[in-house]
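Asks: pasting the sequence and the predicted model now:
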Amino acid sequence: MTGVPQQLVEVESYVSRAVALVGPLDVERVALADATGRVLAEPVRALLASPAFDNSAMDGFAVRRADVLGAGQDSPRELAVVGDVAAGPASAPVRVGPGQAARIMTGAALPEGADAVVPVELTDARAFTFGATAPTRVTILSEPAPGAHVRRRAEDADVGDLVLPAGRRLGPRDLAATAAAGYGNVPVRHRARVGVVVTGDELVPPGEAPGPGQLPESNGVLLASWLRGRGAVPTARVVPDDAAALRRVLDHLAPRVDLLLTAGGVSAGAFDVVREVLGDDDVTFAAVAMQPGKPQACGRWRGVPVLAVPGNPVSAFVSAEVIVRPVLAALHGHDDARRPERRPAATGWRCPPGRRQYLPAVVDDDGVRPAARRGSGSHLVASLAAATALAVVPADVDEVRPGDVVDVLPL
Ligand SMILES: Nc1nc2c(c(=O)[nH]1)N[C@H]1C(S)=C(S)[C@@H](COP(=O)(O)OP(=O)(O)OC[C@H]3O[C@@H](n4cnc5c(N)ncnc54)[C@H](O)[C@@H]3O)O[C@H]1N2
Ligand code: MOO
(Lines give C-alpha, C1' and ligand atoms only; values in the text may rest on other atoms or scores of the structure.)
(Ligands and ions follow the chains in the order given, each with its own letter.)
Protein backbone atom coordinates (compact mmCIF):
# COMPACT_ATOMS: atom_id res chain seq x y z
CA MET A 1 0.00 0.00 0.00
CA THR A 2 1.30 3.40 -0.98
CA GLY A 3 0.64 6.56 1.01
CA VAL A 4 -1.61 9.26 -0.43
CA PRO A 5 0.52 12.08 -1.86
CA GLN A 6 -0.35 15.49 -0.46
CA GLN A 7 2.12 17.79 -2.24
CA LEU A 8 0.61 19.06 -5.50
CA VAL A 9 2.62 18.46 -8.69
CA GLU A 10 2.37 20.93 -11.59
CA VAL A 11 0.40 19.59 -14.57
CA GLU A 12 3.30 20.07 -17.02
CA SER A 13 5.76 18.32 -14.77
CA TYR A 14 3.44 15.32 -14.33
CA VAL A 15 2.71 15.16 -18.06
CA SER A 16 6.47 15.17 -18.82
CA ARG A 17 6.94 12.29 -16.38
CA ALA A 18 4.17 10.32 -18.08
CA VAL A 19 5.35 11.08 -21.62
CA ALA A 20 8.91 10.01 -20.70
CA LEU A 21 7.58 6.47 -20.15
CA VAL A 22 7.03 5.88 -23.87
CA GLY A 23 8.73 6.24 -27.23
CA PRO A 24 7.45 6.17 -30.80
CA LEU A 25 6.08 2.83 -32.03
CA ASP A 26 7.43 0.95 -35.08
CA VAL A 27 6.68 2.02 -38.64
CA GLU A 28 4.67 0.10 -41.26
CA ARG A 29 3.50 1.01 -44.77
CA VAL A 30 -0.24 1.04 -45.40
CA ALA A 31 -2.33 1.70 -48.50
CA LEU A 32 -3.92 5.14 -48.65
CA ALA A 33 -7.33 3.48 -48.39
CA ASP A 34 -6.35 2.20 -44.92
CA ALA A 35 -4.43 5.26 -43.74
CA THR A 36 -7.21 7.49 -42.37
CA GLY A 37 -6.38 8.53 -38.81
CA ARG A 38 -2.90 6.99 -38.91
CA VAL A 39 0.14 9.11 -38.10
CA LEU A 40 2.69 9.74 -40.82
CA ALA A 41 6.16 8.53 -39.79
CA GLU A 42 8.18 10.33 -42.47
CA PRO A 43 7.58 13.52 -44.46
CA VAL A 44 5.78 13.18 -47.80
CA ARG A 45 7.69 14.86 -50.63
CA ALA A 46 6.10 15.16 -54.06
CA LEU A 47 7.15 12.52 -56.60
CA LEU A 48 5.01 14.30 -59.19
CA ALA A 49 4.46 17.98 -59.91
CA SER A 50 0.94 19.28 -59.27
CA PRO A 51 -0.34 20.04 -61.81
CA ALA A 52 1.89 17.67 -63.75
CA PHE A 53 1.56 19.79 -66.95
CA ASP A 54 0.07 23.13 -68.08
CA ASN A 55 -3.65 22.53 -68.56
CA SER A 56 -6.96 24.26 -69.05
CA ALA A 57 -9.23 25.37 -66.19
CA MET A 58 -12.21 25.73 -68.56
CA ASP A 59 -14.05 24.02 -71.39
CA GLY A 60 -13.42 26.31 -74.36
CA PHE A 61 -10.74 27.16 -76.90
CA ALA A 62 -6.98 27.38 -76.46
CA VAL A 63 -5.71 30.46 -78.31
CA ARG A 64 -2.67 32.63 -78.85
CA ARG A 65 -3.62 35.78 -76.94
CA ALA A 66 -1.84 38.02 -79.47
CA ASP A 67 -4.40 36.82 -82.08
CA VAL A 68 -7.43 37.97 -80.06
CA LEU A 69 -6.32 41.27 -78.53
CA GLY A 70 -9.27 43.68 -78.57
CA ALA A 71 -11.81 40.89 -79.13
CA GLY A 72 -15.32 41.75 -77.92
CA GLN A 73 -19.03 41.38 -78.77
CA ASP A 74 -18.62 44.17 -81.34
CA SER A 75 -15.13 43.18 -82.44
CA PRO A 76 -15.18 39.40 -82.91
CA ARG A 77 -12.02 37.55 -83.93
CA GLU A 78 -12.33 34.41 -86.04
CA LEU A 79 -9.81 31.59 -85.71
CA ALA A 80 -9.33 28.24 -87.45
CA VAL A 81 -9.86 25.28 -85.12
CA VAL A 82 -6.94 22.92 -85.79
CA GLY A 83 -7.28 20.43 -82.96
CA ASP A 84 -9.41 19.01 -80.20
CA VAL A 85 -7.91 18.13 -76.79
CA ALA A 86 -9.71 16.39 -73.97
CA ALA A 87 -8.42 15.39 -70.52
CA GLY A 88 -6.51 12.11 -70.78
CA PRO A 89 -3.73 10.73 -72.97
CA ALA A 90 -3.44 12.72 -76.22
CA SER A 91 -3.77 10.76 -79.48
CA ALA A 92 -1.51 13.17 -81.40
CA PRO A 93 0.22 16.36 -80.29
CA VAL A 94 -1.72 19.51 -81.16
CA ARG A 95 0.06 22.73 -82.14
CA VAL A 96 -1.71 26.09 -82.29
CA GLY A 97 -0.13 28.47 -84.80
CA PRO A 98 -0.97 32.14 -85.57
CA GLY A 99 -4.67 32.59 -86.40
CA GLN A 100 -5.47 29.16 -85.00
CA ALA A 101 -7.22 27.70 -81.95
CA ALA A 102 -7.87 24.25 -80.49
CA ARG A 103 -11.01 23.08 -78.78
CA ILE A 104 -9.99 22.18 -75.21
CA MET A 105 -11.69 20.63 -72.18
CA THR A 106 -11.06 21.28 -68.48
CA GLY A 107 -7.92 19.44 -67.36
CA ALA A 108 -6.63 18.84 -70.90
CA ALA A 109 -2.99 19.68 -71.67
CA LEU A 110 -2.52 23.14 -73.15
CA PRO A 111 -1.41 22.66 -76.78
CA GLU A 112 1.99 23.95 -77.79
CA GLY A 113 1.76 27.53 -79.08
CA ALA A 114 -1.39 28.43 -77.12
CA ASP A 115 -1.07 30.74 -74.10
CA ALA A 116 -4.65 31.40 -72.96
CA VAL A 117 -8.06 29.72 -72.88
CA VAL A 118 -11.34 31.38 -73.82
CA PRO A 119 -14.36 29.68 -72.18
CA VAL A 120 -16.93 28.36 -74.67
CA GLU A 121 -19.55 30.86 -73.35
CA LEU A 122 -17.38 33.71 -74.66
CA THR A 123 -17.32 32.34 -78.21
CA ASP A 124 -19.94 31.93 -80.91
CA ALA A 125 -20.11 28.20 -80.06
CA ARG A 126 -21.86 29.20 -76.73
CA ALA A 127 -21.89 25.63 -75.40
CA PHE A 128 -20.56 22.19 -76.35
CA THR A 129 -23.00 19.41 -77.08
CA PHE A 130 -22.07 16.03 -75.61
CA GLY A 131 -20.35 13.91 -78.27
CA ALA A 132 -20.36 16.63 -80.93
CA THR A 133 -17.15 17.11 -82.88
CA ALA A 134 -15.18 20.36 -82.82
CA PRO A 135 -16.22 23.16 -85.25
CA THR A 136 -13.74 24.04 -87.97
CA ARG A 137 -13.84 27.74 -87.07
CA VAL A 138 -14.56 29.68 -83.88
CA THR A 139 -15.34 33.36 -83.24
CA ILE A 140 -13.86 34.75 -80.03
CA LEU A 141 -16.08 37.38 -78.36
CA SER A 142 -13.85 38.47 -75.45
CA GLU A 143 -10.16 39.28 -75.00
CA PRO A 144 -8.55 36.87 -72.52
CA ALA A 145 -6.20 38.22 -69.84
CA PRO A 146 -2.59 36.99 -70.13
CA GLY A 147 -2.51 33.27 -69.20
CA ALA A 148 -6.30 33.25 -68.75
CA HIS A 149 -7.68 29.92 -67.48
CA VAL A 150 -4.32 28.18 -67.78
CA ARG A 151 -3.28 26.10 -64.74
CA ARG A 152 0.50 26.06 -64.71
CA ARG A 153 2.63 22.99 -64.19
CA ALA A 154 3.88 22.75 -60.56
CA GLU A 155 2.04 25.89 -59.40
CA ASP A 156 0.68 23.79 -56.53
CA ALA A 157 3.77 21.65 -55.76
CA ASP A 158 6.94 20.77 -57.63
CA VAL A 159 8.79 17.44 -57.53
CA GLY A 160 10.58 17.22 -54.16
CA ASP A 161 8.40 19.81 -52.41
CA LEU A 162 7.25 19.00 -48.90
CA VAL A 163 3.59 18.00 -49.06
CA LEU A 164 3.12 16.76 -45.47
CA PRO A 165 5.42 16.80 -42.43
CA ALA A 166 6.06 13.68 -40.34
CA GLY A 167 3.77 13.51 -37.33
CA ARG A 168 0.62 14.47 -39.25
CA ARG A 169 -2.52 12.52 -38.37
CA LEU A 170 -3.83 11.72 -41.83
CA GLY A 171 -7.23 13.04 -42.81
CA PRO A 172 -9.04 13.05 -46.15
CA ARG A 173 -7.28 16.17 -47.48
CA ASP A 174 -3.85 14.79 -46.52
CA LEU A 175 -4.62 11.53 -48.34
CA ALA A 176 -5.74 13.39 -51.46
CA ALA A 177 -2.54 15.46 -51.44
CA THR A 178 -0.47 12.28 -50.94
CA ALA A 179 -2.18 10.47 -53.81
CA ALA A 180 -1.67 13.52 -56.06
CA ALA A 181 1.99 13.57 -55.02
CA GLY A 182 2.42 10.09 -56.52
CA TYR A 183 2.08 7.68 -53.58
CA GLY A 184 -0.15 4.62 -53.20
CA ASN A 185 0.91 3.92 -49.63
CA VAL A 186 2.48 5.77 -46.72
CA PRO A 187 4.77 4.97 -43.78
CA VAL A 188 2.78 5.27 -40.56
CA ARG A 189 3.30 4.35 -36.90
CA HIS A 190 1.71 1.21 -35.56
CA ARG A 191 -1.54 1.89 -33.78
CA ALA A 192 -1.01 1.97 -30.02
CA ARG A 193 -2.57 -1.06 -28.33
CA VAL A 194 -3.99 0.11 -25.03
CA GLY A 195 -5.32 -2.10 -22.24
CA VAL A 196 -8.10 -0.17 -20.50
CA VAL A 197 -8.96 -1.44 -17.02
CA VAL A 198 -11.76 0.04 -14.97
CA THR A 199 -12.44 -1.03 -11.44
CA GLY A 200 -15.40 -0.96 -9.13
CA ASP A 201 -17.81 -3.39 -7.45
CA GLU A 202 -20.55 -0.83 -8.08
CA LEU A 203 -20.38 -1.05 -11.88
CA VAL A 204 -22.91 -2.83 -14.09
CA PRO A 205 -22.55 -3.20 -17.87
CA PRO A 206 -24.21 -0.42 -19.92
CA GLY A 207 -27.89 -1.20 -20.53
CA GLU A 208 -28.29 -3.39 -17.44
CA ALA A 209 -30.53 -2.12 -14.65
CA PRO A 210 -28.34 -1.09 -11.68
CA GLY A 211 -29.20 -2.59 -8.30
CA PRO A 212 -29.04 -0.58 -5.05
CA GLY A 213 -25.74 1.33 -4.85
CA GLN A 214 -24.80 0.35 -8.41
CA LEU A 215 -24.35 2.46 -11.54
CA PRO A 216 -23.69 1.86 -15.23
CA GLU A 217 -20.06 1.46 -16.24
CA SER A 218 -19.19 4.46 -18.39
CA ASN A 219 -15.44 5.10 -18.04
CA GLY A 220 -14.43 2.01 -20.00
CA VAL A 221 -16.90 3.03 -22.70
CA LEU A 222 -15.56 6.58 -22.70
CA LEU A 223 -11.87 5.71 -22.73
CA ALA A 224 -12.14 2.94 -25.33
CA SER A 225 -14.11 5.21 -27.65
CA TRP A 226 -11.80 8.15 -27.03
CA LEU A 227 -8.74 5.96 -27.77
CA ARG A 228 -10.31 4.53 -30.91
CA GLY A 229 -11.11 8.05 -32.07
CA ARG A 230 -7.44 8.91 -31.70
CA GLY A 231 -6.17 5.97 -33.72
CA ALA A 232 -5.39 3.55 -30.88
CA VAL A 233 -6.64 -0.03 -30.46
CA PRO A 234 -8.20 -0.43 -27.01
CA THR A 235 -8.96 -3.63 -25.12
CA ALA A 236 -11.27 -2.81 -22.22
CA ARG A 237 -11.82 -4.87 -19.04
CA VAL A 238 -14.02 -4.27 -16.02
CA VAL A 239 -12.62 -5.63 -12.76
CA PRO A 240 -14.20 -5.75 -9.28
CA ASP A 241 -12.45 -4.10 -6.33
CA ASP A 242 -10.35 -7.21 -5.82
CA ALA A 243 -6.56 -7.03 -5.77
CA ALA A 244 -5.94 -10.56 -7.06
CA ALA A 245 -8.41 -10.11 -9.94
CA LEU A 246 -6.83 -6.80 -10.90
CA ARG A 247 -3.31 -8.29 -10.82
CA ARG A 248 -4.47 -11.15 -13.06
CA VAL A 249 -6.00 -8.77 -15.61
CA LEU A 250 -2.98 -6.46 -15.64
CA ASP A 251 -0.61 -9.43 -16.00
CA HIS A 252 -2.71 -10.82 -18.85
CA LEU A 253 -2.82 -7.51 -20.74
CA ALA A 254 0.75 -6.30 -20.11
CA PRO A 255 2.53 -8.46 -22.73
CA ARG A 256 -0.17 -7.67 -25.31
CA VAL A 257 -0.27 -3.87 -25.18
CA ASP A 258 1.89 -0.77 -25.55
CA LEU A 259 0.17 1.05 -22.70
CA LEU A 260 -1.99 0.15 -19.72
CA LEU A 261 -4.63 2.67 -18.65
CA THR A 262 -6.63 2.20 -15.49
CA ALA A 263 -9.49 4.38 -14.30
CA GLY A 264 -10.78 4.50 -10.74
CA GLY A 265 -9.51 3.24 -7.43
CA VAL A 266 -6.61 5.61 -7.33
CA SER A 267 -7.53 7.94 -4.45
CA ALA A 268 -7.69 7.45 -0.69
CA GLY A 269 -10.59 5.02 -0.29
CA ALA A 270 -10.37 1.78 1.66
CA PHE A 271 -11.23 -0.13 -1.54
CA ASP A 272 -9.04 1.81 -3.94
CA VAL A 273 -7.60 -1.36 -5.37
CA VAL A 274 -5.58 0.24 -8.18
CA ARG A 275 -3.53 2.17 -5.66
CA GLU A 276 -3.03 -1.01 -3.65
CA VAL A 277 -1.95 -3.16 -6.62
CA LEU A 278 0.08 -0.75 -8.76
CA GLY A 279 2.02 0.23 -5.64
CA ASP A 280 3.67 -3.22 -5.85
CA ASP A 281 5.52 -2.30 -9.02
CA ASP A 282 7.40 0.69 -10.40
CA VAL A 283 4.55 3.21 -10.18
CA THR A 284 4.55 6.71 -8.69
CA PHE A 285 1.40 8.28 -7.25
CA ALA A 286 0.81 11.99 -7.50
CA ALA A 287 -1.65 14.70 -6.58
CA VAL A 288 -1.68 16.79 -9.75
CA ALA A 289 -2.59 20.49 -9.52
CA MET A 290 -5.63 20.15 -11.74
CA GLN A 291 -9.36 19.91 -11.17
CA PRO A 292 -10.77 17.49 -11.92
CA GLY A 293 -8.11 14.82 -12.19
CA LYS A 294 -6.04 15.30 -9.04
CA PRO A 295 -5.22 11.72 -8.00
CA GLN A 296 -3.01 10.15 -10.67
CA ALA A 297 -0.30 7.52 -11.00
CA CYS A 298 2.15 6.53 -13.69
CA GLY A 299 5.04 4.14 -14.10
CA ARG A 300 5.50 0.58 -15.29
CA TRP A 301 3.64 -2.65 -14.64
CA ARG A 302 5.79 -5.68 -15.56
CA GLY A 303 7.85 -3.25 -17.64
CA VAL A 304 4.86 -1.88 -19.61
CA PRO A 305 4.00 1.83 -19.28
CA VAL A 306 0.92 2.36 -17.13
CA LEU A 307 -1.21 5.41 -16.45
CA ALA A 308 -3.81 5.40 -13.68
CA VAL A 309 -6.47 8.10 -13.83
CA PRO A 310 -9.27 8.81 -11.34
CA GLY A 311 -12.65 7.14 -11.62
CA ASN A 312 -15.01 10.10 -11.57
CA PRO A 313 -16.22 10.24 -15.18
CA VAL A 314 -15.36 13.90 -15.80
CA SER A 315 -11.98 13.34 -14.11
CA ALA A 316 -11.34 10.34 -16.39
CA PHE A 317 -12.21 12.37 -19.47
CA VAL A 318 -10.14 15.41 -18.49
CA SER A 319 -7.24 13.10 -17.62
CA ALA A 320 -7.53 11.56 -21.09
CA GLU A 321 -7.40 14.99 -22.74
CA VAL A 322 -4.61 16.38 -20.56
CA ILE A 323 -2.41 13.36 -19.74
CA VAL A 324 -3.25 10.37 -21.95
CA ARG A 325 -3.40 12.49 -25.08
CA PRO A 326 0.27 13.60 -25.04
CA VAL A 327 1.36 10.06 -24.08
CA LEU A 328 -0.57 8.62 -27.01
CA ALA A 329 0.88 11.33 -29.26
CA ALA A 330 4.39 10.28 -28.19
CA LEU A 331 3.61 6.61 -29.01
CA HIS A 332 2.22 7.60 -32.40
CA GLY A 333 4.98 10.14 -33.09
CA HIS A 334 2.13 12.58 -33.51
CA ASP A 335 2.64 16.33 -33.51
CA ASP A 336 -0.33 17.10 -31.29
CA ALA A 337 0.35 20.71 -30.27
CA ARG A 338 -2.89 22.47 -29.35
CA ARG A 339 -3.21 26.20 -28.86
CA PRO A 340 -6.05 27.33 -26.63
CA GLU A 341 -8.47 29.87 -28.02
CA ARG A 342 -9.30 32.97 -25.92
CA ARG A 343 -13.02 33.62 -25.31
CA PRO A 344 -15.02 35.84 -22.95
CA ALA A 345 -16.99 34.17 -20.18
CA ALA A 346 -20.75 34.41 -20.76
CA THR A 347 -21.44 33.76 -17.06
CA GLY A 348 -19.31 33.58 -13.95
CA TRP A 349 -18.22 30.46 -12.06
CA ARG A 350 -16.09 29.43 -9.08
CA CYS A 351 -12.66 27.83 -9.48
CA PRO A 352 -10.82 25.52 -7.08
CA PRO A 353 -8.01 27.10 -5.08
CA GLY A 354 -4.47 26.05 -6.04
CA ARG A 355 -5.44 23.76 -8.97
CA ARG A 356 -5.77 24.55 -12.67
CA GLN A 357 -9.40 24.11 -13.62
CA TYR A 358 -10.42 22.16 -16.74
CA LEU A 359 -14.10 22.90 -16.93
CA PRO A 360 -16.35 21.17 -19.49
CA ALA A 361 -17.87 24.19 -21.18
CA VAL A 362 -20.13 25.26 -23.98
CA VAL A 363 -18.71 27.91 -26.29
CA ASP A 364 -21.16 29.80 -28.48
CA ASP A 365 -21.70 33.35 -29.75
CA ASP A 366 -22.39 34.55 -26.19
CA GLY A 367 -19.02 33.23 -24.96
CA VAL A 368 -18.05 30.43 -22.56
CA ARG A 369 -20.28 28.90 -19.90
CA PRO A 370 -20.10 25.72 -17.83
CA ALA A 371 -21.68 22.75 -19.64
CA ALA A 372 -23.33 21.61 -16.40
CA ARG A 373 -26.14 23.69 -14.92
CA ARG A 374 -24.71 23.12 -11.43
CA GLY A 375 -21.22 24.31 -12.46
CA SER A 376 -18.20 22.04 -12.11
CA GLY A 377 -18.36 18.57 -10.61
CA SER A 378 -16.37 15.52 -11.58
CA HIS A 379 -19.44 13.23 -11.44
CA LEU A 380 -21.54 15.27 -13.93
CA VAL A 381 -21.24 12.77 -16.75
CA ALA A 382 -24.53 13.61 -18.49
CA SER A 383 -23.52 17.27 -18.85
CA LEU A 384 -20.13 16.21 -20.20
CA ALA A 385 -21.86 15.26 -23.43
CA ALA A 386 -23.04 18.86 -23.87
CA ALA A 387 -19.52 20.32 -23.65
CA THR A 388 -17.90 21.69 -26.79
CA ALA A 389 -14.66 22.71 -25.08
CA LEU A 390 -12.66 22.63 -21.89
CA ALA A 391 -12.25 26.03 -20.27
CA VAL A 392 -8.77 26.20 -18.73
CA VAL A 393 -8.46 28.53 -15.76
CA PRO A 394 -5.11 29.11 -14.01
CA ALA A 395 -4.56 27.76 -10.50
CA ASP A 396 -4.34 31.24 -8.94
CA VAL A 397 -7.78 32.35 -10.19
CA ASP A 398 -10.56 31.62 -7.70
CA GLU A 399 -13.44 33.01 -9.70
CA VAL A 400 -14.23 33.73 -13.34
CA ARG A 401 -16.51 36.76 -13.76
CA PRO A 402 -18.77 37.42 -16.76
CA GLY A 403 -16.67 39.07 -19.49
CA ASP A 404 -13.32 37.72 -18.22
CA VAL A 405 -11.32 36.29 -21.11
CA VAL A 406 -10.51 32.60 -20.59
CA ASP A 407 -8.55 29.94 -22.49
CA VAL A 408 -10.63 27.22 -24.11
CA LEU A 409 -9.54 23.97 -25.73
CA PRO A 410 -12.16 22.95 -28.32
CA LEU A 411 -13.22 19.31 -28.08
N1 LIG B 1 -10.09 11.32 1.17
C2 LIG B 1 -10.01 11.62 -0.12
N3 LIG B 1 -10.98 11.24 -0.96
C4 LIG B 1 -10.91 11.55 -2.24
C5 LIG B 1 -9.83 12.32 -2.73
C6 LIG B 1 -8.81 12.69 -1.83
O7 LIG B 1 -7.83 13.34 -2.21
N8 LIG B 1 -8.94 12.32 -0.54
N9 LIG B 1 -9.81 12.66 -4.05
C10 LIG B 1 -11.09 12.81 -4.67
C11 LIG B 1 -10.92 13.03 -6.08
S12 LIG B 1 -10.37 14.54 -6.51
C13 LIG B 1 -11.27 12.11 -7.00
S14 LIG B 1 -11.17 12.50 -8.62
C15 LIG B 1 -11.76 10.80 -6.65
C16 LIG B 1 -11.02 9.73 -7.44
O17 LIG B 1 -11.44 8.52 -6.97
P18 LIG B 1 -10.92 7.14 -7.55
O19 LIG B 1 -10.02 7.30 -8.67
O20 LIG B 1 -10.42 6.35 -6.41
O21 LIG B 1 -12.23 6.55 -8.16
P22 LIG B 1 -13.34 5.63 -7.52
O23 LIG B 1 -13.40 5.88 -6.05
O24 LIG B 1 -13.13 4.28 -7.99
O25 LIG B 1 -14.60 6.27 -8.19
C26 LIG B 1 -14.94 7.62 -8.08
C27 LIG B 1 -16.36 7.80 -8.60
O28 LIG B 1 -16.42 7.47 -9.95
C29 LIG B 1 -17.34 6.41 -10.19
N30 LIG B 1 -16.77 5.47 -11.17
C31 LIG B 1 -15.62 4.80 -11.02
N32 LIG B 1 -15.40 4.02 -12.10
C33 LIG B 1 -16.43 4.22 -12.91
C34 LIG B 1 -16.77 3.69 -14.20
N35 LIG B 1 -15.97 2.81 -14.82
N36 LIG B 1 -17.90 4.11 -14.79
C37 LIG B 1 -18.70 5.01 -14.13
N38 LIG B 1 -18.42 5.55 -12.94
C39 LIG B 1 -17.31 5.15 -12.34
C40 LIG B 1 -17.48 5.74 -8.87
O41 LIG B 1 -18.69 5.08 -8.73
C42 LIG B 1 -17.35 6.92 -7.91
O43 LIG B 1 -18.57 7.62 -7.83
O44 LIG B 1 -11.57 10.54 -5.31
C45 LIG B 1 -12.00 11.60 -4.45
N46 LIG B 1 -11.90 11.16 -3.10
O1 MOO C 1 -9.65 15.70 -8.99
MO2 MOO C 1 -11.11 14.98 -8.69
O3 MOO C 1 -10.86 14.59 -10.33
O4 MOO C 1 -11.62 16.69 -8.50
O5 MOO C 1 -12.80 15.04 -8.93
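Replies: Perfect, thanks for sending it. Residues are numbered from 1 along each chain as shown. Ligands and ions are numbered 1, 2, ... in the order given.

Asks: which residues sit in contact with the residue in the chain that ligand 1 sits nearest to?
Replies: As assessed by CB to the nearest ligand atom, ligand 1 sits closest to residue 311 within the chain, at 2.7 Å. All C-beta spots, glycine's among them, are computed from the backbone N, C-alpha and C. Applying CB atoms under 8 Å, 6 or more residues apart in numbering to residue 311 gives the contacts 198, 199, 200, 219, 263, 264, 265, 266.

Asks: surely it is within a helix?
Replies: No - looking at residue 311 with DSSP: H, G, I helix; E, B strand; the rest coil, it is coil, so not inside a helix.

Asks: per-residue pLDDT, it?
Replies: Residue 311 is assigned 94 on the pLDDT scale.

Asks: any idea how far residue 227 is from it?
Replies: Residue 311 is 17 Å from residue 227, where distance means CB to CB, to the nearest Å.

Asks: where does pLDDT dip in the stretch 301-411 of the chain?
Replies: Applying pLDDT under 70 to the stretch 301-411 of the chain flags residues 375-376.

Asks: what are the boundaries of the strands in it?
Replies: Using DSSP state E, counting those that start in this stretch, the strands found in the stretch 301-411 of the chain span residues 304-309, 341-344, 349-350, 356-364, 367-370, 389-393, 399-400, 405-410.

Asks: tell me which of these lies nearest to residue 70.
Replies: Nearest to residue 70, of all those, is strand 341-344, at 53.0 Å by CB to CB.

Asks: residue in the stretch 101-250 of the chain nearest to ligand 2?
Replies: Relative to ligand 2, the nearest point of the stretch 101-250 of the chain is residue 219 (12.1 Å; CB to the nearest ligand atom).

Asks: doesn't residue 264 make contact with that residue?
Replies: Yes - with contacts defined as CB atoms under 8 Å, residue 219 counts as touching residue 264 at a distance of 6.6 Å.

Asks: might you report the residue contacts of the spatially most central residue of the chain?
Replies: Closest to where the C-alpha atoms of the chain average out (CA atoms, centre = their mean) is residue 169, at 5.7 Å. Counting by CB under 8 Å, 6+ apart, residue 169 touches 37, 38, 39, 40, 231, 332, 334.

Asks: just the buried members of these?
Replies: 37, 38, 39, 40, 231, 332, 334 (16 or more other CB atoms under 10 Å).

Asks: straight-line length of stretch 317-330, end to end?
Replies: One end of stretch 317-330 to the other measures 19 Å (CA to CA, to the nearest Å).

Asks: buried stuff in it?
Replies: For stretch 317-330, by 16+ other CB under 10 Å, it's 317-330.

Asks: cool, and stretch 58-76?
Replies: Using 16+ other CB under 10 Å as the burial criterion, the residues of stretch 58-76 that qualify are 58, 59, 60, 61, 62, 63, 64, 65, 67, 68, 71.

Asks: and the two most separated of these?
Replies: Spatial extent of those (CB to CB) is set by the pair 59 and 67 at 19.7 Å.

Asks: let's have the strands of the stretch 301-411 of the chain in CSV, adding distance to residue 155 and mean neighbour count.
Replies: Compiled in CSV, the strands of the stretch 301-411 of the chain are given as follows (distance: least, CB to CB, whole Å; neighbours: other CB atoms under 10 Å):
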stretch, distance to residue 155, mean neighbour count
strand 304-309, 46, 26
strand 341-344, 33, 14
strand 349-350, 51, 17
strand 356-364, 38, 22
strand 367-370, 42, 23
strand 389-393, 38, 23
strand 399-400, 48, 16
strand 405-410, 33, 17
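
Asks: out of those, flag the one nearest residue 289.
Replies: Nearest to residue 289, of the strands of the stretch 301-411 of the chain and by CB to CB, is strand 356-364 at 6.0 Å.

Asks: now the angle from the closest one to strand 405-410?
Replies: 80 degrees (axes from the mean of the first three to the mean of the last three CA atoms, to 10 degrees).

Asks: each with direction, which strands does strand 356-364 pair with?
Replies: Take DSSP bridges as the rule and strand 356-364 pairs in its sheet with strand 290-291 (parallel), strand 367-370 (antiparallel), strand 389-393 (antiparallel).

Asks: could I get those strands as JSON lines with distance to ligand 2?
Replies: What follows is those, written out as JSON lines (distance: least, CB to the nearest ligand atom, whole Å):
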{"stretch": "strand 290-291", "distance to ligand 2": "5"}
{"stretch": "strand 367-370", "distance to ligand 2": "15"}
{"stretch": "strand 389-393", "distance to ligand 2": "13"}
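
Asks: for these, which one sits closest to residue 178?
Replies: strand 389-393 (30.8 Å).

Asks: what's in contact with the closest one?
Replies: For strand 389-393, the external contacting residues (CB under 8 Å, 6+ apart) are 318, 321, 340-341, 345, 351, 356-363, 368, 370, 400, 406-411.

Asks: give me that answer again for 6 Å
Replies: For strand 389-393, contacts defined as CB atoms under 6 Å, 6 or more residues apart in numbering pick out 340, 351, 357-359, 361, 363, 368, 400, 406-411.

Asks: pull out the buried residues from the helix or strand of the chain with the lowest mean pLDDT.
Replies: Ranking every helix and strand in the chain by mean pLDDT, DSSP states H and E puts helix 381-384 at the bottom, with a mean of 87. Using 16+ other CB under 10 Å as the test for burial, helix 381-384 gives 381, 383, 384.
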